[in-house]
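Undergrad: let me see the structure of the following:
(2 chains)
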Amino acid sequence: MNHNQTMWAKKVFRLRGLPNTITTLEGVASLLCSLLDSTPLDTIHVFSLAASLNIHENPPSKVATVMFDKVPSVIRDDHEYNNEWLVSATTDTEGDLTLDTHFLGMTPLNDSHPDEHLYE
Amino acid sequence: MWIRDGLPKHLQHSRAVLYGYESKLRDSQSFQTIPDLAKGLINQLEAYGWTLPSAKPVAFLAHSLGGLVLKESLVQLAESRNRPYKNILETVQGVVFFGVPHLGMERAHFRTIVKSDPDEALVDDIARNSTLSSQAQPGFLRYFFGTLNSGASGHSRPLSLPL
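TA: The predicted structure follows:
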């Protein structure tokens, strides 16, 4: 693995705009695999999935944290001045996803059941 | 990321949230100061519902420079007459600081950390004996140490986390 690949393999990405219907880490990986070129499922590692904090979304979209064994071409081909990338949806009913490494703003890392959610 | 992978397992009934900020102004070569960054945090807390009655109690974990930004945010909230900002303050149960330069940092040490292209405004803000260092710490202590020190025993109240 060359230096660049090693560097990318250690990067944690934030993935925003996931449909509320995605409920598992495996579901996130499958969706990403279907939307990214040449990115096999077993090279995508999803570590968290949580509802967006945007109180105006109903239902809220979801946010995940992801790592890649091999950097997807959408990132590899446009990373010199960019730290946010659009992952286009394949149908009109799906929204585009956003991958970033800047993690600006608020990023929820887990959900807590409404009846049990006591602290932040 | 222990905050993502470990903390929620140990702290039941809690949600972990990361806060990221940019010290550089968008589309500009100018950098933001710690008071600017503090305003940004307050704006985000307001935008995401922490002024609402339904907001959950919050414990902050702050690392390095982030601790200075958080302290300045808490002081700005304490000094504000804005009722929603007081609501935010009332949700704060405590803060855990990790490696925060409360009394400032030698400029040379900070430059070593940021290497090239240092944020000169931040270098000045957190330098030892800077205006911010000499005012922010007493301000924070004045507003919050008294709160933490309250209680019939008169002793400091430790932050209780269900670990």
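Undergrad: list the residues that contact the spatially most central residue of chain A.
TA: In chain A, the centroid-proximal residue (CA atoms, centre = their mean) is residue A:15; its distance is 2.1 Å. Contact analysis of residue A:15 by CB atoms under 8 Å, 6 or more residues apart in numbering or on different chains lists A:28, A:32, A:63-66, A:87, A:97-99. From N, CA and C alone the C-beta is placed, and that goes for glycine too.
Undergrad: closest one of the residues you listed to residue B:41?
TA: Ranked by distance to residue B:41 (CB to CB), the contacts of residue A:15 are led by residue A:63 at 18.7 Å.
Undergrad: tell me which element the closest one falls in.
TA: strand A:62-68 (DSSP states H and E).
Undergrad: number of nearby residues for residue A:87?
TA: For residue A:87, the neighbour count with other CB atoms under 10 Å in any protein chain shown is 18.
Undergrad: where does residue B:90 fall, secondary structure wise?
TA: Short version, using DSSP H and E: residue B:90 is in helix B:83-91.
Undergrad: quick one: name whatever helix or strand follows that helix.
TA: Next element after helix B:83-91 (DSSP H and E): strand B:92-98.
Undergrad: I figured residue A:110 hits residue A:47, correct?
TA: No. Using CB atoms under 8 Å, residue A:110 makes no contact with residue A:47, being 10.4 Å away.
Undergrad: with neighbour numbers in mind, choose between these two.
TA: The neighbour count for residue A:110 versus residue A:47, taken as other CB under 10 Å, is higher for residue A:110 (18 against 15).
Undergrad: that one belongs to a strand, doesn't it?
TA: No. Counting by DSSP: H, G, I helix; E, B strand; the rest coil, residue A:110 is located in no strand; its state is coil.
Undergrad: pull the contacting residues for it.
TA: Applying CB under 8 Å, 6+ apart, we find residue A:110 in contact with A:48, A:50, B:4, B:8, B:15-16.
Undergrad: what about the closest residue to residue A:87 other than its chain neighbours, how many neighbours?
TA: Nearest residue to residue A:87, sequence neighbours excluded (CB to CB, 6 or more residues apart in numbering or on different chains): residue A:97, at 4.2 Å. By other CB under 10 Å, 22 other residues sit near residue A:97.
Undergrad: and residue B:46, by the same measure?
TA: Neighbours of residue B:46 (other CB under 10 Å): 16.
Undergrad: give me the spatial nearest neighbour of it, chain neighbours excluded.
TA: Distance criterion CB to CB, 6+ apart; nearest residue to residue B:46, sequence neighbours excluded, is residue B:84 at 6.4 Å.
Undergrad: what about that neighbour, how many residues nearby?
TA: Other residues within reach of residue B:84, judged by other CB under 10 Å, total 14.
Undergrad: same check on the one 5 residues further on?
TA: Residue neighbour count, defined by other CB under 10 Å, stands at 17 for residue B:89.
Undergrad: for it, which non-adjacent residue is spatially closest?
TA: residue B:77 (4.7 Å).
Undergrad: is that neighbour in a helix, a strand, or coil?
TA: Assignment for residue B:77 (three-state DSSP): helix.
Undergrad: now residue 76. Nearest residue, chain neighbours left out?
TA: Picking chain A for this. Closest to residue A:76 by CB to CB, 6+ apart is residue A:8, at 7.6 Å.
Undergrad: chain B was what I was after
TA: residue B:38 is the one closest to residue B:76 (CB to CB, 6+ apart), at 5.5 Å.
Undergrad: what about stretch B:80-96, start to end distance?
TA: Stretch B:80-96 has an end-to-end distance of 23 Å (criterion: CA to CA, to the nearest Å).
Undergrad: quick one: buried residues of that stretch?
TA: B:85, B:87-89, B:91-92, B:94-95 (16 or more other CB atoms under 10 Å in any protein chain shown).
Undergrad: same list (the residues you listed) but as a markdown table, adding pLDDT and distance to residue A:75.
TA: Output for the buried residues of stretch B:80-96, formatted as a markdown table (pLDDT from 0 to 100; distance: CB to CB, whole Å):
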| residue | pLDDT | distance to residue A:75 |
| --- | --- | --- |
| B:85 | 92 | 39 |
| B:87 | 92 | 40 |
| B:88 | 93 | 36 |
| B:89 | 91 | 40 |
| B:91 | 92 | 37 |
| B:92 | 92 | 37 |
| B:94 | 89 | 39 |
| B:95 | 91 | 35 |
